[in-house]
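1. Here is a sequence with its predicted model. Questions after.
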Amino acid sequence: MATQPQRSKPIRTSYLTLTALVLLFLLLWGGTHWADEYQVRLLNNVAIFITLAVAYNLINGVCGQLHLGPNAFITLGAYTAALLTMTPAEKTLNFLVTPLYWPLSQVSLPFPAALLAGGLVAVAFGLLTGFPVFRVRGDYLAIVTLGFGEVVRVLANNLQGLTNGPLGLKGLYPYTNLWWSWGVAAAATAVVAALVNSSYGRALNAIREDETAARAMGINTFRHLLGAYLLSAFFFGVGGGLLAHLITTISPSLFTFFLTFNLLIIIVVGGLGSTTGAILAAAGFTLAGEWLRIVEEPATLLGFTIPGIPGMRMVILSLALLLVIIFCRRGLMGRREFSWAGLGRLLRRGAAGAAPGAGKI
Amino acid sequence: MDLLTFLQQLINGLSLGSLYALIAIGYTLVYGILRLINFAHGDLLMVAAYIAVMGVGLFAWPWPAAFGLAVGLTGFMGVLLERGAYQPLRRAPRISLLISAIAASFLLENVALVMAGGRARPFPVPSMFTGAFAWGGLFVPRLSLIIPLVTGALLAGLFLIIYRTAAGRAMRAIAVDLETVSLMGIDVNRIIAFTFLLGSLLAGAGGLLWAMKYPQVNPFMGILPGLKAFIAAVLGGIGNVTGAVLGGLLLGFMEVMIVALFPAWAGYRDAVAFTLLIVLLLLKPTGLLGEALGEEKL
């Protein structure tokens, strides 16, 4: 296990972690001062996708349950947070067809409280759905959770007095900045990593590998899975709130299964079960996604004008997912995780000139 | 609700339900032998519809030729899907197989989007399938009679194949125990491909009927009918062909009746199936006619 040497030198490790956090802090400070609007937006996107991917990897990769409903939780978080930060005047402007129900129409909360509420509403939905979900496994679990996205979308379209229906909510204040998005991403990573490295996390791994055996060892599989499910729900909700206040306009059609599919690509490419992989792949995916926009825009190459092909990006992405899952199932990181000790070994091995079998990360 | 309205809704429910049944059989056949939800099954409806649009609309072929080709090519596409996305993962963990299925489904949708564009196209419904009868206050579109008839005929053919041919016997045997069957000198991969062929041919027929009932063709048209048909298959007890038919009819009737009884709930129609699924899994996860799902079956 990579955690073994880490434990023997805890002080050095915490210094290194502290240094890395200070570095991140400086980078963010630099970002808020010198990066242009487009770069800031991209960096915010990266952070939100890291949050979502780390949470998704917990339930999908660490527990091995194919949960296909993150978009439902993200929708709930986004709507809850948005409805709480909007001022009563903005709400009256938005809800023209059907007025918003009473206490909500008068409330206006600060952004952090709204984010927290978004996460808690998602957790409440998780509690409600957790019981039917974890009665089943495998394909059934996949299709039930896939259904959540559909049900939440239908509700968001029809509960006009709560969601403003298909029109959605417009003109949210762009509260999401680098501090919030990266702060949440760091918190999500820290919490999930701590959970995975605890005995609770090892129990989750045992459930993934062999549920019957795990139960025989005295693990309460339902309670463990529900805990992981609720924790991921919380971060989906918070991530949804951040997303809403980044794009400032939300509607039910924004959070389709497509969003879940993107997260699935991220965690599979990163390596199912690896938090490090989820982070790397989330960053790579967001940046590559921007880069892939080129194929959908008209381009001039060597004097020829190639018309943009809508949908080409998704063809490439789904083909990539198919190829990764067939030929390279372990993804980028497999189930390995980043650790300072592992990095040190890697650097020493590089310095020593690729000594054979010098240890894994 | 008076008797006339009830009969009218019964007819509407029968045509919708038989369509769900036709699509549900494809899921149940594949699930029965591979224990896999073929996520791309719904997209095969879309493939069939687009091929028919191309044949009738673009090349101006007579509709029987275009429809026949559409069904045939969809069957071929199903086999291709199995060979390309599922067969390489036969020994992989289940989660990989499911992810591969989802990726294949997205690939089909987006290839269609690239080739045909995102705009919905009208489906050229042959005149034979349009029109309606009026029987003493009952309004019966001709298609509402044709859909159950076609479903019934295809079902009879399918039962004949499953219960009266050697390939059908092999299919049933694989559903019980794949390993043992492969030891008996049966080419398991060929039988699996044959099962995909059967399921996809039915999906092709279902896609054409769906496109005539709702004559708008777009790259994502197969998702919702596919999901609902899957739920119908679970409702009937997945892996059981009779159950799939029963579940399909039941789901069709329920959707139609809920909208007829509570018109204000029409917007929630698409949520009916999923709510039903959640309730079903809480109360009776094996469905109406299903076998018990032990650990090894999942």
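-> Noted; the coordinates are in hand.

2. which parts of whichever strand or helix holds B:G72 are buried?
-> Assigned by DSSP states H and E, B:G72 belongs to helix B:63-81. By neighbour count on 16 or more other C-beta atoms under 10 Å in any protein chain shown, the buried set for helix B:63-81 is B:63, B:66-67, B:69-79, B:81. C-betas here are computed from N, CA, C, even on glycine.

3. Quick one: list the elements packing against the helix or strand that that helix is followed by.
-> Using DSSP H and E, the helix or strand that follows helix B:63-81 in sequence is helix B:94-116. Helices and strands touching helix B:94-116, by 3 or more C-beta pairs under 8 Å, 6 or more residues apart in numbering or on different chains; DSSP states H and E, are helix A:138-158, helix A:257-270, helix A:312-327, helix B:41-52.

4. By proximity to chain B, which residue of the stretch 1-150 of chain A wins?
-> A:G147 (3.4 Å; C-beta to the nearest C-beta).

5. so that residue sits right up against B:L224, yeah?
-> No. Counting by C-beta atoms under 8 Å, A:G147 stays clear of B:L224, with 11.3 Å between them.

6. so what sits against both of those two?
-> Common neighbours of A:G147 and B:L224 (criterion: C-beta atoms under 8 Å, 6 or more residues apart in numbering or on different chains): none identified.

7. who has more neighbours, these two?
-> Under the criterion of other C-beta atoms under 10 Å in any protein chain shown, the comparison of A:G147 against B:L224 puts A:G147 first, with 24 against 13.

8. residues contacting that one?
-> When contacts are counted by C-beta under 8 Å, 6+ apart, A:G147 touches A:G69, B:L227, B:I231, B:A273, B:F274, B:L277, B:I278.

9. Next one: it from A:F255, what distance?
-> Look at A:G147 and A:F255: by C-beta to C-beta, to the nearest Å, they are 15 Å apart.

10. got the residues of the stretch 1-150 of chain B near chain A?
-> Proximity of the stretch 1-150 of chain B to chain A is confined to B:31, B:35-37, B:85, B:88-89, B:92-96, B:98-100, B:102-104, B:106-107, B:109-111, B:113-114, B:117-118 under the rule C-beta under 8 Å from any C-beta of the partner chain.

11. Please spell out the PyMOL selection for the buried subset of these.
-> To isolate the buried members of the residues of the stretch 1-150 of chain B next to chain A in PyMOL, using 16+ other C-beta under 10 Å:
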select buried, chain B and resi 31+35+36+37+85+88+89+94+95+96+98+99+100+102+103+104+106+107+109+110+111+113+114
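
12. shaky segments in the chain?
-> As the question left the chain open, I've gone with chain A. Under the criterion pLDDT under 70, the flagged ranges of chain A are A:1-9, A:298-308, A:352-361.

13. actually chain B
-> Ranges of chain B meeting pLDDT under 70: B:1, B:291-298.

14. Now do the helices in it.
-> Taking DSSP state H as the criterion, chain B carries its helices at B:3-34, B:41-52, B:63-81, B:94-116, B:142-164, B:166-176, B:178-183, B:188-213, B:223-236, B:241-261, B:269-283.

15. TSV please, covering these and showing distance to A:M217.
-> Output for these, formatted as TSV (distance: least, C-beta to C-beta, whole Å):
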stretch	distance to A:M217
helix B:3-34	31
helix B:41-52	38
helix B:63-81	39
helix B:94-116	22
helix B:142-164	43
helix B:166-176	32
helix B:178-183	28
helix B:188-213	35
helix B:223-236	31
helix B:241-261	36
helix B:269-283	27
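
16. Residues of the stretch 151-298 of chain B that sit close to chain A?
-> When proximity is defined as C-beta under 8 Å from any C-beta, the stretch 151-298 of chain B approaches chain A at B:219, B:223-224, B:227, B:230-231, B:234, B:267-268, B:270-271, B:273-275, B:277-278, B:281-282, B:285, B:295, B:298.

17. which of the residues you listed are buried?
-> B:219, B:223, B:227, B:230-231, B:234, B:267-268, B:270-271, B:273-274, B:277-278, B:281, B:285.

18. nearest spatial neighbour of A:M314, skipping sequence neighbours?
-> B:N110 (4.0 Å; C-beta to C-beta, 6 or more residues apart in numbering or on different chains).

19. Contacts only, for the one you found.
-> If you count contacts by C-beta under 8 Å, 6+ apart, B:N110 has them with A:G311, A:M312, A:M314, A:V315, A:S318, B:P219.

20. number of nearby residues for the third one?
-> Right, the one you point to is A:M314. With other C-beta under 10 Å as criterion, A:M314 counts 21.

21. cool, the fifth one as well?
-> The burial metric for A:S318, expressed as a neighbour count using other C-beta under 10 Å, is 22.

22. just checking, it touches B:A112?
-> No. Counting by C-beta under 8 Å, B:A112 is not a contact partner of A:S318; they are 11.9 Å apart.

23. wait, isn't B:P219 in contact with B:R121?
-> No. B:P219 is beyond contact range of B:R121, at 10.1 Å (criterion: C-beta under 8 Å).

24. Between these two, which contacts overlap?
-> Between them, B:P219 and B:R121 share no contacting residue under C-beta under 8 Å, 6+ apart.

25. Nearest to chain B: which residue in the stretch 201-350 of chain A?
-> Counting by C-beta to the nearest C-beta, the stretch 201-350 of chain A gets nearest chain B through A:G311, at 3.4 Å.

26. Now that residue: closest residue in space, sequence neighbours ignored.
-> Distances taken as C-beta to C-beta, 6+ apart place B:L113 nearest to A:G311, at 3.4 Å, with adjacent residues excluded.

27. list the contacts for that neighbour?
-> By C-beta under 8 Å, 6+ apart, the contact set of B:L113 is A:P310, A:G311, A:M314, A:V315, B:P219.

28. So A:R345: helix, strand or coil?
-> Here A:R345 takes the helix state, with states given by DSSP: H, G, I helix; E, B strand; the rest coil.

29. what's the neighbour count on it?
-> Other residues lying near A:R345 total 17 when counted by other C-beta under 10 Å.

30. Isn't A:T221 up against A:R215?
-> Yes. Contact criterion C-beta under 8 Å: A:T221 and A:R215 qualify, at 5.5 Å.

31. Doesn't A:I309 lie inside a helix?
-> No. Secondary structure of A:I309 (three-state DSSP): coil, not part of a helix.
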